[in-house]
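> have a look at this fold, sequence not included:
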Ligand SMILES: O=P(O)(O)OC[C@H]1O[C@H](O)[C@H](O)[C@@H](O)[C@@H]1O
């Protein structure tokens, strides 16, 4: 969604940030009475003491931090940032996580020292600003502008202020959006709207997606999309230099913009337009949202309700960076159980669940059947193939054989199974279009998904808008209410009785690595597995495969591959029965047990169960 019309700024004001002590304090401007916070939090000289913040205090702070209220000035240090001294030597490259930056931002968990300190974040902010200057090469008359948003994590404000100082040191303008979603941040690089100071030249989302509360990180965008691995490496390289250099300190001038107003009104307008310009196309539908206390709570009040839907029974809409109810993650079984139960208890038509930063989503129909993983891809493929017959659907590597059959035989499309990683999948769909193969959907089993019609924006909320369009259109054409229209669309998708993912860890300190990086070791395991399966008559290697070793046999399949981020070999097995799945597991076990640095105990355990 990229807005192009003029709109009114809400909450727009200028906030000047004062120069801060490099090691300790972060200044927040709030109109919540400073006294209340002072009573609750241990203060010393206008700053929080750096020890003894209890879980309750953190919870209070996490909720409090996410309001849009401003003015009164409070000096505090929301998250403890110095388990390592702030000027300790830092290996910046270890903060790279594929095409994101991630680290530990809150102290207190044993064995997880803080790596994302204020000085580190400040150096990263400066690194991104320098990278952007080099990319855009503005002439002297223009000043580049960067938008910054964050999810509900308790370290969000601390990191936001620190990256802002870094950006200001490079002389760029800064716009704060407050609590926002990752897709909204990308959207702000595309939207043309002077009043909202858009488009921005670059954008930063402060999030660590579904990871635990003590982690945090950064995602970066320009109008060309999310930055790739090489760009992140470059930014971290620059950050390391900034961190070591003396670096000039800057007091950023920040403009606050309620960008989520633009973003949500675009989502609302998309549904209205698809329904033939009806004001309340979802009137009479009961739809429940579960935001898992992440940033997605807006979807109930700002998207569904204006469209006429009833949202009672929605849960965990309040931002709470300690995630007290469940992990905001549609891949998590507890999270899916929570939304399913809410739909059944409230006799709702549909349930919608988001991850923390709303770039991933899943749904549940009125009978409690989940639309996630392969079923969500099947549903989205059905919708997109109705609009674009024959188009190619690009997915990640762990998708099922049943999905391929469904897309190709039932829907008449083409399934291009590529690699794991949302950026890989999106980039591949973009590439296919450039070489003449039409593709309109790139989607992962993780719940990430992007459409060509939506600028290839990786947006969990927009995926849900496509489902809402379908509900609204079905009712308009007299096809009856409820989510049956969606359930009917995935009719015929074959789903395996047994579907497991086992994650086999590589011990990086094991002598069998002989000092090699874990990736080399993992690749050696994969090569060996490939050779062994080549000689087994009962197994057939997938003729086209872009990642790891994918093999069919015993009516099912397995895929062993290297994790995108971790020293782990994830193994997916799908089969019609447990016995068949065990046979596939035993074939893998026979090959990997020659590698002592690999912890294959989850696989041994799986093959012993019958
Ligand atoms: O390779 P894995 O460890 O399974 O992780 C892969 C996943 O990592 C992150 O969560 C990305 O956001 C996903 O796009 C990706 O699929």
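The structure has been received and is ready for your questions. The shown structure was predicted, so the numbers you read here are calculated from the model rather than taken from an experiment.

> please count neighbours and contacts with C-alpha atoms only from this point.
Noted.

> can you give me the pLDDT of the residue in the stretch 1-150 of the chain positioned nearest to the ligand?
The ligand sits closest to residue 98 of the stretch 1-150 of the chain, with a gap of 8.2 Å, by Cα to the nearest ligand atom. For residue 98, the model assigns a pLDDT of 90.

> my read: it touches residue 231, true?
No - taking contacts as Cα atoms under 8 Å, residue 98 lies outside contact range of residue 231: 10.4 Å.

> not counting sequence-adjacent ones, nearest residue to the residue of the stretch 1-150 of the chain closest to the ligand?
Distances taken as Cα to Cα, 6 or more residues apart in numbering place residue 229 nearest to residue 98, at 5.7 Å, with adjacent residues excluded.

> what's around that neighbour, how many residues?
Applying other Cα atoms under 10 Å, we find 16 residues neighbouring residue 229.

> who's in contact with it?
By Cα atoms under 8 Å, 6 or more residues apart in numbering, the residues touching residue 229 are 98-100.

> just the ones in helices from those residues, please.
The members of the contacts of residue 229 all map outside helices under DSSP state H.

> show the buried residues in these.
98-100 (16 or more other Cα atoms under 10 Å).

> tell me which of these fall in strands.
Within those, residues falling in strands by DSSP state E are residue 100.

> quick check, nearest of the buried ones among the contacts of residue 229 to residue 426?
Nearest to residue 426 among these is residue 99, at 12.7 Å by Cα to Cα.

> phi, psi for the closest one please.
phi -100, psi 20 (degrees, to the nearest 10).

> what's the separation between it and residue 132?
Relative to residue 132, residue 99 is positioned 16 Å away (Cα to Cα, to the nearest Å).

> and what of residue 331?
In terms of Cα to Cα, residue 331 sits 34 Å off from residue 132.

> got it, and residue 167?
Taking Cα to Cα, one finds residue 167 at 10 Å from residue 132.

> now residue 540
Applying Cα to Cα to residue 540 and residue 132 gives a distance of 48 Å.

> go on, residue 374?
The gap separating residue 374 from residue 132 is 37 Å, by Cα to Cα.

> more crowded one of the two?
The neighbour comparison of residue 374 against residue 132 (other Cα under 10 Å) goes to residue 374, with 25 against 20.

> mind listing what's buried in the strand or helix carrying the more buried one?
Assigned by DSSP states H and E, residue 374 falls within helix 373-387. Neighbour counts over helix 373-387 (16+ other Cα under 10 Å) mark 373-385 as buried.

> of those residues, closest to residue 257?
Looking across the buried residues of helix 373-387 and measuring by Cα to Cα, the closest to residue 257 is residue 380, at 32.8 Å.

> and residue 430, what does it touch?
When contacts are counted by Cα under 8 Å, 6+ apart, residue 430 touches residue 439.

> so residue 533 makes contact with residue 539?
Yes - Residue 533 lies in contact with residue 539 (Cα under 8 Å); the separation is 6.4 Å.

> shared neighbours of those two, anything?
Shared contacts of residue 533 and residue 539, counting by Cα under 8 Å, 6+ apart, come down to residue 551.

> quick one: the helices in the stretch 151-300 of the chain, in order.
Ranges of helices in the stretch 151-300 of the chain, per DSSP state H, counting those that start in this stretch, are 156-169, 182-187, 229-244, 259-274, 298.

> deepest in the core, which of those helices is it.
helix 182-187 (a mean of 29; mean count of other Cα atoms under 10 Å).

> how about residues contacting that helix?
1-2, 147-150, 203-205, 219, 221-223, 225-226, 259-260, 263, 357-359, 457-459.

> contact partners for residue 350?
Contacts for residue 350 were tallied using Cα under 8 Å, 6+ apart; they are 286-288, 343, 363-366, 482-483.

> run a quick neighbour tally on the residue nearest to residue 156 when sequence neighbours are not counted.
In space, and not counting its chain neighbours, residue 156 is closest to residue 150: 6.1 Å by Cα to Cα, 6+ apart. For residue 150, the neighbour count with other Cα under 10 Å is 29.

> who's residue 150 bridged to?
Residues in a beta bridge with residue 150, per DSSP bridges, are residue 179, residue 206.

> shouldn't it be in contact with residue 179?
Yes - taking Cα under 8 Å as the definition, residue 150 is a contact partner of residue 179 at 5.2 Å.

> report the buried residues of the lengthiest helix in the chain.
Using DSSP H, we find that the single longest helix of the chain is helix 118-136. For helix 118-136, burial by neighbour count (16+ other Cα under 10 Å) applies to 118-133.

> quick one: average pLDDT of it?
Confidence for helix 118-136, expressed as mean pLDDT, is 97.

> who does it touch, helix- and strand-wise?
Helix 118-136 sits against helix 156-169, helix 229-244, with contacts defined as 3 or more Cα pairs under 8 Å, 6 or more residues apart in numbering; DSSP states H and E.

> what residues does the chain have near the ligand?
When proximity is defined as Cα under 6 Å from any ligand atom, the chain approaches the ligand at 420-422, 446, 563-566.

> how does it look with 8 Å?
Residues of the chain lying near the ligand by Cα under 8 Å from any ligand atom: 209, 396, 420-423, 444-446, 448, 562-566, 568, 570.

> just the ones of those residues in helices?
422-423.

> mind giving me the ChimeraX select for the residues of the chain next to the ligand, buried ones only?
Here is the ChimeraX command that selects the buried residues among those (16+ other Cα under 10 Å):
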select :209,396,420,421,422,423,444,445,446,448,562,563,568,570
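
> can you list the helices of the stretch 151-300 of the chain in CSV and add distance to residue 349?
Formatted as CSV, the helices of the stretch 151-300 of the chain follow (distance: least, Cα to Cα, whole Å):
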stretch, distance to residue 349
helix 156-169, 35
helix 182-187, 26
helix 229-244, 41
helix 259-274, 17
helix 298, 19
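
> just put those helices in a markdown table and tack on distance to residue 405 and mean pLDDT.
Below are the helices of the stretch 151-300 of the chain laid out as a markdown table (distance: least, Cα to Cα, whole Å; pLDDT from 0 to 100):
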| stretch | distance to residue 405 | mean pLDDT |
| --- | --- | --- |
| helix 156-169 | 44 | 97 |
| helix 182-187 | 31 | 98 |
| helix 229-244 | 33 | 96 |
| helix 259-274 | 29 | 97 |
| helix 298 | 37 | 98 |
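
> read off the pLDDT value for the closest residue to the ligand within the stretch 501-610 of the chain.
The ligand sits closest to residue 563 of the stretch 501-610 of the chain, with a gap of 3.4 Å, by Cα to the nearest ligand atom. Model confidence at residue 563, expressed as pLDDT, equals 96.

> which residues touch it?
569-570.

> where's it relative to residue 288, distance?
In this view, residue 563 and residue 288 are 33 Å apart by Cα to Cα.

> where in the stretch 1-150 of the chain is pLDDT low?
Filtered on pLDDT under 70, the stretch 1-150 of the chain yields the residue ranges 1-87.

> tally of neighbours for the closest residue to residue 598 other than its chain neighbours?
Sequence neighbours aside, residue 506 is the residue nearest to residue 598 in space, at 4.6 Å (criterion: Cα to Cα, 6+ apart). As a burial measure, residue 506 scores 22 neighbours (other Cα under 10 Å).

> cool, the one 10 residues further on as well?
Using other Cα under 10 Å, residue 516 has 12 neighbouring residues.

> so it is in which element?
Per DSSP H and E, there is no helix or strand for residue 516.

> secondary structure class for the residue lying farthest from the centre of the chain?
For the chain, the residue at maximal distance from the C-alpha centroid (Cα atoms, centre = their mean) is residue 537, at 40.9 Å. Under DSSP: H, G, I helix; E, B strand; the rest coil, residue 537 falls in the coil class.
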